[in-house]
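Chemist: Sequence plus predicted model, see below.
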2 protein chains.
Amino acid sequence: MRIPIDPAGELPMFRQVEEFLRKSILSGALAPETRLPATRRLAQDLGVNRITVQNAYAELEADGLIFTRTGSGTYVLAQAPLAPIPKRMPGAPWPLWQTEAGERCKLSSTTSPEEMLKNARHPRPINLGGGCGDSRLFPAEDYRRVIQAILRRDGVAALEYGDQAGYFPLRSNIAQILANQGIPARPENLLITAGSQQAIALVTQLLLRPGDSLVTESPTYAIALDLFRALGLKIVGAPMDGSGLQVEKLEPLLQQHHPRLIYTMPNFQNPTGACMSVQRRRQLIALADRYNIPILEDDYVGDLRYEGRAQPALKSIDPGGRVVYVNTFSKMLMPGLRVGFVVADGPFFDSLARYKRVNDLTTSNLHQRALEVYVTVGRYQSHLRRTSLIYGKRRDAFLRAVNRYVPAAVNIDPPQGGLFAWLRLPDELSAEKLLPVACKEGVAFMPGNVFFPCREEGDHFLRLNFVSQPPEDIDEGIKRLGKAIKRLELLARKAG
Amino acid sequence: MRIPIDPAGELPMFRQVEEFLRKSILSGALAPETRLPATRRLAQDLGVNRITVQNAYAELEADGLIFTRTGSGTYVLAQAPLAPIPKRMPGAPWPLWQTEAGERCKLSSTTSPEEMLKNARHPRPINLGGGCGDSRLFPAEDYRRVIQAILRRDGVAALEYGDQAGYFPLRSNIAQILANQGIPARPENLLITAGSQQAIALVTQLLLRPGDSLVTESPTYAIALDLFRALGLKIVGAPMDGSGLQVEKLEPLLQQHHPRLIYTMPNFQNPTGACMSVQRRRQLIALADRYNIPILEDDYVGDLRYEGRAQPALKSIDPGGRVVYVNTFSKMLMPGLRVGFVVADGPFFDSLARYKRVNDLTTSNLHQRALEVYVTVGRYQSHLRRTSLIYGKRRDAFLRAVNRYVPAAVNIDPPQGGLFAWLRLPDELSAEKLLPVACKEGVAFMPGNVFFPCREEGDHFLRLNFVSQPPEDIDEGIKRLGKAIKRLELLARKAG
């Protein structure tokens, strides 16, 4: 092949080769499937370095004009039957599927209270709106040592996929802890998940299809509601009182909506802090059995009790295969571990384990192995005792502060455990309107409407986290909240 | 209240109190909603310790006979309107929903080749059926040091939830690496996921509903097929050849099935090892654009190339918002990290980030922070170079062994990179029948049918992993495979 080349020309030599070949291909002078000379050969012919030819070929290949067959050579490609699509200009419309997909998953909360608090620029902000325990109590240093020991002991094995249902020794330890709480679990019916959030997501996705109904407490965990909405489910909210889900009002809902799942937090419910009475627990299981509906029991802080006697988990009074139990180490240890678990039995368990596998194969093996050591040596139990003691004192400080600073018209049920307390404002006050006022005073909370299937029902409620701050900050935070409520009351009276 | 108590009796005193109250409640002597005396008061009346009364009440409450109203007192509960359900006897039928759920998620593979190999009890088994790289090359010790450094540096912060879309500095590093490969990614349109499996699962779940169709290469990644089946999708398989997906045969499929997604692995496809030609890549994007179908590009080992020139990722020639790109650190670093990522733009990205959140909140913060350090300092790049060098040599050893030991009637396309080679047996031989024979010889592979939307089409194919074993084991493994093929040929000829 002879290509006119000017070593002193303006274009680099590889560009000259490239341009010549490009024109020949586009004009049809070089027909599709023509074999081009080997780079070494062409370089010899043209008296240029082989790299020059290689670069020219590379450019042409990147532009879809030529292609390489392994072990056979370089060929001219047939011209694309479809014109290339021009690059999208900023502001141009997206493809139609993009627009649809953008609508598909919306979340209930827009600006987080934390962000709103930050934006209010108070010199000493206090956030009582969080969803976790106090990270200052997390055993990070212990955990660092355990991870070291594991990586030294197990090496690469700690970084491979590992057992699909989860690291077996960890599952054994968890099963033992649960057995002590009366929950009949064996490692064989215990599946490790990425936190309880994944557990809830997998169970729900496996049991329900878009358009199906499920029953939740109303109010309930906001991100579970977000999940159910994202899955296109119909959410049937069942009313709560101080003794948890009002099971006696459930039957008509089951008859009317034919739900395919009942999602409940019997202990220290999020957001209300309520515990379901034993009587209602038994009724719930009997009802679910009669209507052939599985129960998803979320026990996310079940062992964080500061007073009163522990009540049996639904799973522990399950006659067999009716209750799917989920729990997590996020609240008691560290949320970033992303290790939770499901206890289930019957054919559903195997189906769920397979469904977990197709969703993300396995959960981080290293964290599972580290947790196994951490939980075994009683460190978890002593961490739990220590934490309960501290959180219990904070709960007391919180209740004292509420008595002292919050107007009597604000209603509260003192929680016996967990992380949250639930306040009801007088009817003329809205929690959403209170939030900016409170942030200005330097305290944030979670307004109630994110927790309700029907948002408007939450307008007079707010959730306070009474464990994430030390007692003096809780006192100061509630003092500020009291002030904010009084200010809003004043404004409401003026407006009314 | 007067309760007859015998301090010298056989039963402990609290049991005597409990039994008396129990009988009174069950007989109706104590009517529902009767308020019981306060424990302190009853203890005084009976002349016993207050704890005795508390214990008695606690037992009755646990049995659902009485309940406590916070701040108000203890009351007799109305008798359960529903009879308790007897415990399930072994062998008794499960609830109906259980049976249905058990059917909902089935996987394509039953016994794994690895297990079958183990059961064959060969003294020196060689598994060429795996899906990963060689774990002996994983930088476990480096990674241990990095994790230590991170936990010392960040403490508790490394164990909290962290940024919802993923640790921002890690997303920045990945975006930079991708930019060098011509893939236009910014940290803002990069979402961290639990491996590429979760990325595929989230994208598919967000874009498709049960009953919808999607196009995959046929054959394709087995666990993606399992996922699609579990989601109730209709899988339309598009034919492959040595240059990847036969895009020119795609249009009629799009017209007939109206798929809502095209899932493809353009580089070193799993299981075939094929690379899609540049020409086809352009055609694919133009087609998808014309039919308003998103493309899911799975680039799981795109940078593991041992020869030839890298071809542009689909994402790099995406005119904007048409291609969703997923990748993972599982194959190149360690599968147990469970860290992968998605690059997407347009309204879809935000929707996807929210959908990730409702599915498992975030991915392990600690692993993300460790990876950020690991990838930054060029360690990832040098690990990649070292690994490619080693794997390339194993590929060569593999091809030599195939030439030497495998009958000429067995067809193979030499792969230019990745982990897998794809063999086609002569029509009279079945890979499923070959597997037990091969295991007896001491070598395992992955039989082809798990990779096909229509399983029967895979009967004559098998996938070999040529990187997970050292060259001498590859040589010996292929020698055994050759023997097994010849034995099966002999059996087939006898039977025919």
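Modeler: Looks like it came in fine.
Chemist: for residue A:342, what are its contacts?
Modeler: A:190-191, A:193, A:199, A:202-203, A:324-326, A:352 (CB atoms under 8 Å, 6 or more residues apart in numbering or on different chains). From N, CA and C alone the C-beta is placed, and that goes for glycine too.
Chemist: can I assume residue A:278 is in contact with residue B:66?
Modeler: No - the criterion here is CB atoms under 8 Å, and residue A:278 misses it with residue B:66 at 9.2 Å.
Chemist: can you pull out the strands in the stretch 251-400 of chain A?
Modeler: Listed in chain order, the strands of the stretch 251-400 of chain A (DSSP state E, counting those that start in this stretch) span A:262-264, A:295-298, A:323-328, A:340-343.
Chemist: could these be laid out in TSV, adding mean pLDDT?
Modeler: Formatted as TSV, these follow (pLDDT from 0 to 100):
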stretch	mean pLDDT
strand A:262-264	98
strand A:295-298	98
strand A:323-328	96
strand A:340-343	97
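Chemist: With distance to residue B:238 as extra columns, can I get the ones you listed in a markdown table?
Modeler: Rendered in a markdown table, the data for the strands of the stretch 251-400 of chain A read as follows (distance: least, CB to CB, whole Å):
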| stretch | distance to residue B:238 |
| --- | --- |
| strand A:262-264 | 40 |
| strand A:295-298 | 39 |
| strand A:323-328 | 38 |
| strand A:340-343 | 37 |
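Chemist: Most neighbours among the contacts of residue A:342, please name it.
Modeler: Neighbour tally across the contacts of residue A:342 (other CB atoms under 10 Å in any protein chain shown): the maximum, 30 neighbours, falls on residue A:324.
Chemist: Check the closest residue to it other than its chain neighbours and give its pLDDT.
Modeler: Counting by CB to CB, 6 or more residues apart in numbering or on different chains, residue A:344 is the residue found nearest to residue A:324 once chain neighbours are left out, at 4.5 Å. Residue A:344 is assigned 96 on the pLDDT scale.
Chemist: Number of residues surrounding residue A:344?
Modeler: Around residue A:344 there are 28 residues (other CB under 10 Å).
Chemist: Please report how far it lies from residue B:89.
Modeler: Remark: distance between residue A:344 and residue B:89 (CB to CB, to the nearest Å) = 19 Å.
Chemist: And residue A:232, by the same measure?
Modeler: Plainly put, residue A:232 is 38 Å away from residue B:89 if you go by CB to CB.
Chemist: Looking at these two, which is more packed in?
Modeler: residue A:232 (13 against 9).
Chemist: just the strands in the stretch 1-150 of chain A please.
Modeler: According to DSSP E, counting those that start in this stretch, the strands that the stretch 1-150 of chain A contains are A:35-36, A:66-69, A:73-76, A:126-127.
Chemist: contacting residues for the residue positioned nearest the centre of chain A?
Modeler: Nearest to the mean C-alpha position of chain A, counting by CA atoms, centre = their mean, stands residue A:197 at 5.3 Å. Residues near residue A:197 by CB under 8 Å, 6+ apart: A:223, A:227, A:328, A:340, B:358-361.
Chemist: Which one (most neighbours) among those?
Modeler: residue B:359 (29 neighbours).
Chemist: Would you mind measuring from it to residue A:204?
Modeler: Note on residue B:359: its distance to residue A:204, by CB to CB, is 10 Å.
Chemist: Next: residue A:273.
Modeler: When distance is defined by CB to CB, residue A:273 is 24 Å away from residue A:204.
Chemist: which one of those two has more residues nearby?
Modeler: residue A:273 (25 against 21).
Chemist: Excluding chain neighbours, what is closest to that one?
Modeler: Setting aside the residues directly before and after it, residue A:273 is nearest to residue A:415 in space (CB to CB, 6+ apart), at 3.3 Å.
Chemist: my read: that neighbour touches residue A:269, true?
Modeler: No - contact criterion CB under 8 Å: residue A:415 and residue A:269 do not qualify, at 9.2 Å.
Chemist: now the helices: where do they sit in the stretch 201-350 of chain A?
Modeler: Counting by DSSP state H, counting those that start in this stretch, the segments of the stretch 201-350 of chain A that form helices are A:222-230, A:250-257, A:278-290, A:347-360.
Chemist: Chain B: which of the ones you listed is closest?
Modeler: helix A:347-360 (2.5 Å; CB to the nearest CB).
Chemist: could I get stretch A:408-422 in CSV with only the CA atoms?
Modeler: Presented in CSV, the C-alpha positions along stretch A:408-422 are these (Å, rounded to 0.1, in the frame of the first residue of the first chain):
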residue,chain,number,x,y,z
ALA,A,408,-48.4,20.4,79.8
ALA,A,409,-50.6,20.4,76.7
VAL,A,410,-47.9,18.4,74.9
ASN,A,411,-48.6,14.7,75.3
ILE,A,412,-45.9,12.0,75.9
ASP,A,413,-45.9,8.3,76.8
PRO,A,414,-42.7,7.5,78.7
PRO,A,415,-40.8,4.8,76.8
GLN,A,416,-39.4,1.8,78.7
GLY,A,417,-36.5,1.3,76.3
GLY,A,418,-35.2,1.9,72.8
LEU,A,419,-34.1,5.2,71.3
PHE,A,420,-37.2,7.3,70.7
ALA,A,421,-40.0,9.2,72.4
TRP,A,422,-43.1,10.4,70.6
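Chemist: Now that stretch: buried residues?
Modeler: Going by neighbour count (16 or more other CB atoms under 10 Å in any protein chain shown), the buried part of stretch A:408-422 is A:410, A:412-413, A:415-422.
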